[in-house]
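**Student:** my questions are about this predicted structure, shown below with the sequence.
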Amino acid sequence: MFVPLREPMFRRLVLGRVTTYTANAVAPVALAFAVLDLTGSVAMLGLVVGARSITNVALLLLGGVLADRLPRGVILQGASLAAAASQAAAAAAVLLGFASVPLLIVLSVVNGAVSAASLPAASALTPQTVPPSLLRQANALARVGTNTAMIAGASLGGMLAALRGPGWAMVGTAVVFLLAAFFYARVDAPEIAASEPTRPLKDLRVGWSEFASRTWLWSVVVAFMVVNAAVVGGIQVLGPSIADATFGRLAWGFILGAQTIGALVGGVVASRWQPRRALLYGTALVGVEAVPLLVLAHAPEVVLLLVIMFLGGMAIEQFGIAWDVSLQENIPQDRLARVYSYDAVGSFVAIPIGEIAVGPLANHFGTAATLTALAILVVVATTGASATPSIRALRRLDQPVTA
């Protein structure tokens with residue numbers, strides 16, 4: 001599993017991604033409690049986090065084109081520096097007492113733009129840093145590293161928000177983003193030669209053709225359009241308000257960390273065991289995302305949530321690694337970032353709807369009923385995707401075609 005770390009470029013990439021994910025895990029926790037402290041409104045929280053998601057979705061396709069045409073390490077370095085600046089500005093606003101909802105929305109928009117530039121580049125860079133024979137181990141190891149970072153980040157975010165306040169959590173986030181920029185500056189992976197001249201609109205059409213021609217690919221993305229909107233709305237918007245009303249912010253940080261600990265364990269398992277139909281099994285296992293929504297709705301107990309989030313993290317990681325390997329094995333390298341961007345747009349496009357709508361829905365129908373409905377949507381979406389013939393038929397390239 002650790003053999004890919006012998007490759008210097010991969011090692012630096014992993015260090016950059018680990019620090020980035022640490023900062024990205026602290027940031028939403030700090031932002032959520034900053035908005036709640038400022039307004040006390042779940043609806044306002046939904047607007048702030050929704051602004052980031054809308055910007056992210058709007059710019060992801062451009063990010064994919066850039067990542068297929070420019071050095072991906074340079075893109076990641078610039079994005080990290082911009083993220084550090086926006087987090088520092090948010091921290092100053094909170095600590096000095098001039099924070100407002102409009103200002104936090106503007107800073108969320110900046111963060112969304114930064115993420116749109118970095119996500120396709122980071123996802124597509126791994127195959128450039130390791131030999132093809134190490135691709136599965138490299139993806140598993142990268143995800144283990146990022147999940148470990150998310151454990152520390154989510155827990156640290158909850159603890160800092162509870163003990164020192166959201167502003168100081170944002171200060172820490174800015175520092176970590178600066179560290180990520182340092183590591184990315186040392187990633188000098190070979191550039192991918194374009195198979196055709198650079199024309200932005202044509203580049204987008206070519207990426208769409210690669211995406212739309214594979215039923216297994218867009219079927220999963222459609223399912224995640226629903227799953228992500230439901231889970232993000234339920235966990236990131238309603239979750240903090242339930243935590244404030246029941247077991248507290250500190251415990252919420254540990255609950256978020258428990259899912260990532262499960263993902264860490266799941267990554268180790270997936271690095272050693274990948275079934276022939278890994279994408280099918282992984283897609284079906286995403287259905288476990290419904291369980292924490294139901295627990296939050298009807299039994300928000302700390303111990304139960306810790307266990308459920310841990311098991312859910314293990315299951316979901318099986319999908320994550322299977323998905324990355326499926327894309328990297330089946331999509332041409334000079335078009336991979338654009339396909340990742342279409343994947344991200346489809347998967348994320350409904351997240352702002354979930355974030356913005358879930359507060360008013362909970363106010364009207366009740367929190368428990370809203371979370372239960374979100375859980376049902378998750379089950380329906382993952383069941384439909386798992387029944388798709390092309391997903392059931394897709395196998396890893398190093399696995400035999402016969403059953």
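**Tutor:** Looks like it arrived, so ask away. Computed from a prediction, not measured in an experiment: that's the story for all the values here.
**Student:** in the helix or strand bottoming out on mean pLDDT in the chain, what counts as buried?
**Tutor:** For the chain, using mean pLDDT, DSSP states H and E, the weakest element among its helices and strands is helix 135-163, scoring a mean of 77. Neighbour counts using 16 or more other CB atoms under 10 Å place 135-162 of helix 135-163 among the buried residues. Quick note: C-beta positions are derived from backbone N, CA and C, even for glycine.
**Student:** ok, now stretch 360-371?
**Tutor:** Per 16+ other CB under 10 Å, stretch 360-371 contains these buried residues: 361-362, 367-368, 370-371.
**Student:** outside of it, which residues touch it?
**Tutor:** 42-43, 234, 238, 241-242, 293-294, 296-298, 358, 373 (CB atoms under 8 Å, 6 or more residues apart in numbering).
**Student:** dump these to TSV, plus distance to residue 204.
**Tutor:** Output for the contacts of stretch 360-371, formatted as TSV (distance: CB to CB, whole Å):
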residue	distance to residue 204
42	36
43	35
234	33
238	36
241	39
242	41
293	35
294	40
296	39
297	40
298	45
358	31
373	35
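**Student:** tabulate these (JSON lines), appending secondary structure, pLDDT and neighbour count.
**Tutor:** Below are the contacts of stretch 360-371 laid out as JSON lines (DSSP: H, G, I helix; E, B strand; the rest coil; pLDDT from 0 to 100; neighbours: other CB atoms under 10 Å):
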{"residue": "42", "secondary structure": "helix", "pLDDT": "76", "neighbour count": "22"}
{"residue": "43", "secondary structure": "helix", "pLDDT": "77", "neighbour count": "15"}
{"residue": "234", "secondary structure": "helix", "pLDDT": "90", "neighbour count": "30"}
{"residue": "238", "secondary structure": "helix", "pLDDT": "88", "neighbour count": "25"}
{"residue": "241", "secondary structure": "helix", "pLDDT": "84", "neighbour count": "18"}
{"residue": "242", "secondary structure": "helix", "pLDDT": "89", "neighbour count": "21"}
{"residue": "293", "secondary structure": "helix", "pLDDT": "93", "neighbour count": "26"}
{"residue": "294", "secondary structure": "helix", "pLDDT": "93", "neighbour count": "18"}
{"residue": "296", "secondary structure": "helix", "pLDDT": "91", "neighbour count": "26"}
{"residue": "297", "secondary structure": "helix", "pLDDT": "90", "neighbour count": "21"}
{"residue": "298", "secondary structure": "helix", "pLDDT": "91", "neighbour count": "10"}
{"residue": "358", "secondary structure": "helix", "pLDDT": "87", "neighbour count": "27"}
{"residue": "373", "secondary structure": "helix", "pLDDT": "94", "neighbour count": "15"}
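**Student:** quick check: end-to-end length of stretch 121-134?
**Tutor:** 19 Å (CA to CA, to the nearest Å).
**Student:** mind listing what's buried in it?
**Tutor:** 121-130, 134.
**Student:** contacts for that stretch, please.
**Tutor:** 3-4, 7, 9-10, 13, 17, 20, 63, 66-68, 72-73, 75-76, 79, 135, 138-139, 142, 187, 189-190, 192, 324, 328, 333, 336-337, 340.
**Student:** about what we covered before: show me what the least confident helix or strand of the chain is packed up against.
**Tutor:** In this structure, helix 135-163 packs against helix 8-39, helix 166-184, helix 249-272, helix 302-330, with contacts taken as 3 or more CB pairs under 8 Å, 6 or more residues apart in numbering; DSSP states H and E.
**Student:** next, the angle from that helix to helix 166-184.
**Tutor:** 150 degrees (axes from the mean of the first three to the mean of the last three CA atoms, to 10 degrees).
**Student:** and helix 135-163, how far out from the chain middle?
**Tutor:** 11 Å (CA atoms, centre = their mean, to the nearest Å).
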